[in-house]
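A.B. asks: how would this look folded up:
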Amino acid sequence: MRMLRFVHAIALALCAMVVAAGIGPGALAQHGDGATPAPRQLEVAVLVFEGVELLDFAGPGETFAVAMDANGHSRFNVHTIGLSRRPIVSQGFVTITPERTIRTWRRPDIIVVPGGDPTPIFESPTALAWLRDAHAQGALILSVCNGATVLARAGLMDRREVTTHHGAVDLLRWMSPTTVVHNDRRIVDSGDIVTSGGISAGIDGALYMVARLTDIDTARRAAIHMEYDQWRALEPEVLRLQASSDAVKSVPGYVYRDPRDWAVYRLFNTIMDRGVPAAMADYPAMFASAAGHDREMIAEPGMIETAQWLLENGSDPNVSARILEFVVAAYPGSASGWENLARAQARAGRAEAAHESYNACLRIEPNNRRCRAGARAA
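C.D. replies: Numbers count the residues shown, from 1 in each chain. Predicted coordinates for the structure are as follows:
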């Protein structure tokens, strides 16, 4: 699909409450030899899938794996988890065999959801249900990069404050319009879900969670072990947030811009923010200045495909309908545009508008069976 290829190309090229009893520094295991008892390890599931971004999962995995208390006890037990045990490839050159699967590991304490090309997760109802169920049972979730879009697909982002990779900010806003997506935060902690920015920010997110779930010294030891100098700037922010009573906590970050200035984002943001007439006024110049795949994305077929994708993967069908309203304004003879607009309107509960759109489709293609059936049902 054009939209998936486009979004994932961006991501790859650019790339405080305790939620359940037992999360945190309690539950000591007793030793008969008088040695300092080891705290219970928290179980960390690092989700991996075909096309996962390497540092998205390896950075947080390393961080949790090296986090030890002052007595040398590991605080986290880290495993990779996949849709199956079949090996997967990250970024075309690293092969990983998941240690566990979502069918056999029902309830880890922490789940790391990385980004990259998350198509395998988007297209797996089993994986999405596993995320929802584990979260409902008390698992903490850390998303990295455009892994936040996976959580949106699972329905876990509604009415939250979050962050993501700068190349996925607009997509996440379209997928989940009730979500406040910050493009100037490296970490956002909304309680049971912590989101981090792109790629390297996953290390920061993991260190933040180590400090939150154990203590600042354990996080500091992990950062020193990894020679992660970013911690020097991060630690004062973490200490400040630990003393804060804010329901949502966040660490400031740099506002990154995509130097390519993708036409599809400019066009769709104009549609959403200023409306169809303003987008129609800007469209000719925007289309003329675009080239290659970028131009394909704002041509009629690309826009329809994007709207279809958002209808299936987003949380608000009105977003898809808005894009398709522009399509039929720009291309009034597009039967496919009218048909898909009718589908989006019907999904949004706008039956009368859907009926009119199906009839517009039939005026262009009188023998279109889908539009005929839709007009009768609407």
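
A.B. asks: and this protein, what are its domains?
C.D. replies: If you go by automatic domain parsing, the domain ranges for the chain are 2-252, 263-377.

A.B. asks: flag whichever of the ones you listed has the least confidence on average.
C.D. replies: Mean pLDDT across the domains of the chain is lowest at domain 2-252; the value there is a mean of 90.

A.B. asks: just checking, Ala330 touches Glu300?
C.D. replies: Yes - counting by CB atoms under 8 Å, Ala330 does reach Glu300; the two are 7.4 Å apart. From N, CA and C alone the C-beta is placed, and that goes for glycine too.

A.B. asks: dump the domains of the chain to JSON lines, plus mean neighbour count.
C.D. replies: Formatted as JSON lines, these follow (neighbours: other CB atoms under 10 Å):
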{"stretch": "domain 2-252", "mean neighbour count": "19"}
{"stretch": "domain 263-377", "mean neighbour count": "18"}
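
A.B. asks: list the contacts for the closest residue to His182 other than its chain neighbours?
C.D. replies: The shortest distance from His182 to any non-neighbouring residue, by CB to CB, 6 or more residues apart in numbering, is to Thr163 (4.9 Å). Contact analysis of Thr163 by CB atoms under 8 Å, 6 or more residues apart in numbering lists 148, 181-183, 185-188, 195-197, 250, 253.

A.B. asks: can you give me the helices for the stretch 51-200 of the chain?
C.D. replies: Secondary structure of the stretch 51-200 of the chain (DSSP state H, counting those that start in this stretch): helices at 54-66, 119-122, 125-136, 147-153, 169-175.

A.B. asks: which stretch among these comes nearest Tyr358?
C.D. replies: Among the helices of the stretch 51-200 of the chain, the nearest to Tyr358 by CB to CB is helix 169-175 (24.4 Å).

A.B. asks: about what we covered before: now intersect the contacts of Thr163 with the strands, please.
C.D. replies: 181-182, 185-188, 195-196, 250 (DSSP state E).

A.B. asks: and of the helices of the stretch 51-200 of the chain, who's closest to Met280?
C.D. replies: Using CB to CB, these put helix 169-175 closest to Met280, at 19.2 Å.

A.B. asks: what does that closest one contact?
C.D. replies: By CB under 8 Å, 6+ apart, helix 169-175 touches 7, 146, 148-149, 152-153, 157, 162, 164, 179, 181, 183, 265, 268-269, 272, 310, 313-315, 319.

A.B. asks: and for stretch 116-131?
C.D. replies: When contacts are defined by CB under 8 Å, 6+ apart, stretch 116-131 is touched by residues 4, 8, 11-12, 47, 49-53, 56, 83, 90-91, 102-103, 106, 111, 113, 141, 145-147, 149-151, 153-154, 156, 313.

A.B. asks: list phi and psi for the residue lying closest to Thr36 once chain neighbours are set aside.
C.D. replies: Nearest non-adjacent residue to Thr36, counting by CB to CB, 6+ apart: Asn71, 4.7 Å away. Asn71 adopts backbone torsions of phi -100, psi 10, taken as degrees, to the nearest 10.

A.B. asks: going forward, count from 6.
C.D. replies: Happy to do that; since the first residue is 6 now, the last one works out to Asn76.

A.B. asks: and Asn76, how far from Trp110?
C.D. replies: Here Asn76 is placed at a distance of 28 Å from Trp110 (CB to CB, to the nearest Å).

A.B. asks: what do you get for Ala351?
C.D. replies: To Trp110, Ala351 is 39 Å away according to CB to CB.

A.B. asks: surely Thr219 meets Met73?
C.D. replies: No - look at Thr219 against Met73 with CB under 8 Å: they stay out of range, at 9.5 Å.

A.B. asks: shared neighbours, these two?
C.D. replies: The contact sets of Thr219 and Met73 overlap at Arg80 (CB under 8 Å, 6+ apart).

A.B. asks: contact partners for the residue nearest to Val185 when sequence neighbours are not counted?
C.D. replies: In this structure, Val185 finds its nearest non-sequential neighbour in Glu166, 4.5 Å apart by CB to CB, 6+ apart. Counting by CB under 8 Å, 6+ apart, Glu166 touches 184-185, 187, 193, 195, 253, 255.

A.B. asks: of those residues, closest to Glu330?
C.D. replies: Comparing the contacts of Glu166 against Glu330 with CB to CB places Thr184 closest, at 22.4 Å.

A.B. asks: separation between that closest one and Gly319?
C.D. replies: Relative to Gly319, Thr184 is positioned 11 Å away (CB to CB).

A.B. asks: cool, and His84?
C.D. replies: 31 Å.

A.B. asks: ok, the residue lying closest to Asp287 once chain neighbours are set aside - contacts?
C.D. replies: Excluding the flanking residues, the one nearest Asp287 by CB to CB, 6+ apart is Thr275, at 5.7 Å. Contact analysis of Thr275 by CB under 8 Å, 6+ apart lists 283-284, 287.

A.B. asks: SS state for Thr275?
C.D. replies: Applying DSSP: H, G, I helix; E, B strand; the rest coil to Thr275 yields a three-state assignment of helix.
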